[in-house]
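Chemist: Need coordinates for the below:
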Amino acid sequence: SVRSIYETGALLTRAPQFVEHLVVQDVELPAASGPATTDGELPDGMRVTRVTVSEELPAPTGPAARGEVIEPVADEAEVWQALVLGLRDYVDKNRFPSVVLGLSGGIDSAVVAALAVDALGPQRVVGVSMPSQHSSEHSREDAADLAKRTGLDFRVEPIQPMVDTFLANMSLSGVTVENLQARVRGVILMALSNQEGPLVLTTGNKSELAVGYSTLYGDSVGGFNPIKDVWKTLVWRLAKWRNAEAARRGETPPIPENSIGKPPSAELSPGQLDSDTLPDYDVLDPILIGYVDGDLGRDGLVESGHDPAVVDKVLRMVDTAEYKRRQSAPGTKISMKAFGRDRRLPITNRWRERG
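Modeler: Here you go, the predicted structure:
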């Protein structure tokens with residue numbers, strides 16, 4: 001019966017996700033009954049007054065409208081569609097003509113470039129390779145390979161002459177030189193933005209934002225970050241899913257396999273790897289997810305099976321990186337707790353979880 005359908009919460013129609021869509025569904029409602037059918041007091045003290053608008057009830061013409069029941073997409077497909085829509089809406093509704101991003105040959109910039117091409121088309125995406133003396137040959141080739149696969153506007157702007165000019169005029173060494181390279185790249189991207197009008201996309205993932213693994217005014221520079229709320233391990237899963245989806249459609253996979261398979265590195269010093277200063281992401285991400293998304297403290301993380309020394313190191317990095325997160329670009333929210341929106345802590349405080 002009609003009444004039993006609504007009492008059991010039966011699904012009548014469902015629209016597709018992350019697209020503009022209109023659903024029309026006619027429903028047959030049971031006749032009203034009980035105290036609401038006449039003027040008077042309801043049991044809870046509310047008063048109902050009935051007003052007759054017309055003696056004749058309007059009747060629709062033609063058959064009843066029935067909307068489709070669209071099956072929801074799941075897992076990586078759902079996340080990818082959400083990120084594409086978030087990026088497209090931000091760019092178009094804020095009236096940016098195009099976007100520009102640095103292409104390092106790594107997985108993060110490759111995924112952001114693929115998202116941008118899906119969201120805007122290759123003609124509205126500029127990818128810039130900015131090699132230094134520490135950039136490996138395969139990284140340069142991977143960046144060019146991605147540009148060829150996606151069809152985006154690819155440019156090469158070597159940064160070493162600019163870095164050398166700084167070093168000829170200032171005595172710098174160590175991590176300062178590493179940060180200098182990142183900041184020169186940021187200057188190039190912002191110069192292109194000012195000159196030609198594209199929005200700069202930054203490419204730091206949520207794991208890097210959590211532990212402060214970025215250079216202020218360097219690789220963090222930009223107006224929007226499509227993967228701001230995407231953990232590093234999920235970035236890899238998204239890349240593999242997007243390539244598999246392209247293969248299923250008979251299209252060219254957009255992301256080079258080498259970008260997916262090689263160890264992550266900022267390539268700011270000889271032989272540098274993320275694992276030099278961070279735990280492996282398979283170890284790091286579960287701790288971060290428990291601490292950031294799950295509100296677990298140190299004791300809860302240790303009870304979950306994580307190494308206490310690693311937990312102490314990671315929590316210290318997260319707690320001291322709040323000032324960087326406050327200055328990071330906005331990005332699409334896909335998780336239960338996004339930085340800058342759902343998790344805001346005092347930048348200056350002396351409280352720390354003790355090991």
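Chemist: CA atoms for contacts and neighbours, from now on please.
Modeler: Will do.
Chemist: so Phe224 makes contact with Leu201?
Modeler: Yes - shown here, Phe224 and Leu201 form a contact pair, counting by CA atoms under 8 Å, at 5.2 Å.
Chemist: quick one: which of these two has more around it?
Modeler: Between Phe224 and Leu201, counting by other CA atoms under 10 Å, Leu201 is the more crowded of the two (27 against 22).
Chemist: measure the more buried one to Trp80 for me?
Modeler: 17 Å (CA to CA, to the nearest Å).
Chemist: what's the answer for Ser304, then?
Modeler: 30 Å.
Chemist: Sketch out the helices for the stretch 151-300 of the chain, chain order is fine.
Modeler: Here the stretch 151-300 of the chain has its helices, by DSSP state H, counting those that start in this stretch, at 160-169, 175-196, 206-211, 232-249, 257-261, 281-288, 298-303.
Chemist: want to try TSV for those, with mean neighbour count and mean pLDDT as columns?
Modeler: Output for these, formatted as TSV (neighbours: other CA atoms under 10 Å; pLDDT from 0 to 100):
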stretch	mean neighbour count	mean pLDDT
helix 160-169	13	95
helix 175-196	18	96
helix 206-211	22	96
helix 232-249	17	97
helix 257-261	17	94
helix 281-288	18	96
helix 298-303	16	95
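Chemist: and Val318, which of the ones you listed is closest to it?
Modeler: The closest of the helices of the stretch 151-300 of the chain to Val318 is helix 206-211. By CA to CA, the value is 4.6 Å.
Chemist: who touches that closest one?
Modeler: Contact with helix 206-211 is made by 214, 227-232, 284-285, 288, 314, 317-318, 321, 324-325, as judged by CA atoms under 8 Å, 6 or more residues apart in numbering.
Chemist: now it, how far from the chain's geometric center?
Modeler: 12 Å (CA atoms, centre = their mean, to the nearest Å).
Chemist: Using PDB, write down the CA coordinates of it.
Modeler: In PDB, the C-alpha atoms belonging to helix 206-211 read as follows (Å, rounded to 0.1, in the frame of the first residue of the first chain):
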ATOM      1  CA  LYS A 206      46.900  16.200   3.700                       C
ATOM      2  CA  SER A 207      49.700  14.100   5.100                       C
ATOM      3  CA  GLU A 208      52.300  16.800   4.300                       C
ATOM      4  CA  LEU A 209      50.000  19.600   5.600                       C
ATOM      5  CA  ALA A 210      49.600  17.600   8.800                       C
ATOM      6  CA  VAL A 211      53.300  17.300   9.600                       C
END
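Chemist: Can you tell me which residue sits nearest the middle of the chain?
Modeler: Nearest residue to the geometric centre of the chain (CA atoms, centre = their mean): Ile227, 2.8 Å.
Chemist: I'd guessed it sits against Val112; true?
Modeler: Yes - with contact defined as CA under 8 Å, Ile227 reaches Val112; the gap is 7.1 Å.
Chemist: what touches both of those two?
Modeler: Common contacts of Ile227 and Val112, defined by CA under 8 Å, 6+ apart, comprise Thr203.
Chemist: How about the contacts made by Gln25?
Modeler: Leu12, Thr13, Ala64, Ala65, Arg66, Gly67.
Chemist: contacts for stretch 250-261?
Modeler: Outside stretch 250-261, the residues within contact range by CA under 8 Å, 6+ apart are 105-107, 110-111, 114, 142, 145-146, 149-150, 236, 239-240, 242-247.
Chemist: swap in stretch 223-242?
Modeler: Contacts with stretch 223-242, where a contact means CA under 8 Å, 6+ apart, come from 76-77, 80, 83, 86-87, 107-108, 111-112, 115, 199-209, 253-255, 260, 281-282, 285, 329-335, 338-339.
Chemist: Next, Val27: phi, psi?
Modeler: Backbone dihedrals for Val27, given as degrees, to the nearest 10, come out at phi -130, psi 150.
Chemist: swap that for Val69, sorry
Modeler: Backbone geometry at Val69, expressed as degrees, to the nearest 10, gives phi -100, psi 100.
Chemist: what about it, how many neighbours?
Modeler: So Val69, with other CA under 10 Å, has 12 neighbours.
Chemist: Residues in a beta bridge with it, which ones?
Modeler: Arg14 (DSSP bridges).
Chemist: Identify the residues contacting it.
Modeler: Applying CA under 8 Å, 6+ apart, the residues contacting Val69 are Leu11, Leu12, Thr13, Arg14, Ala15.
Chemist: Kindly report the same for Arg124.
Modeler: Contacts for Arg124 (CA under 8 Å, 6+ apart) come out as Pro97, Ser98, Val99, Val117, Leu152, Asp153.
Chemist: 7 Å instead?
Modeler: Ser98, Val99 (CA atoms under 7 Å, 6 or more residues apart in numbering).
Chemist: rewinding a little: just the closest of the contacts of Val69 to His134, please.
Modeler: Checking these against His134 with CA to CA, the nearest one is Ala15 at 49.5 Å.
Chemist: measure the closest one to Gly86 for me?
Modeler: For Ala15, the distance to Gly86 - CA to CA - is 18 Å.
Chemist: cool, Val302 as well?
Modeler: Where Gly86 is concerned, Val302 sits at a distance of 36 Å (CA to CA).
Chemist: Same question for Glu68.
Modeler: Note on Glu68: its distance to Gly86, by CA to CA, is 25 Å.
Chemist: Neighbour count for those two, which is higher?
Modeler: Set Glu68 next to Gly86 and count neighbours by other CA under 10 Å: Gly86 wins out with 18 against 14.
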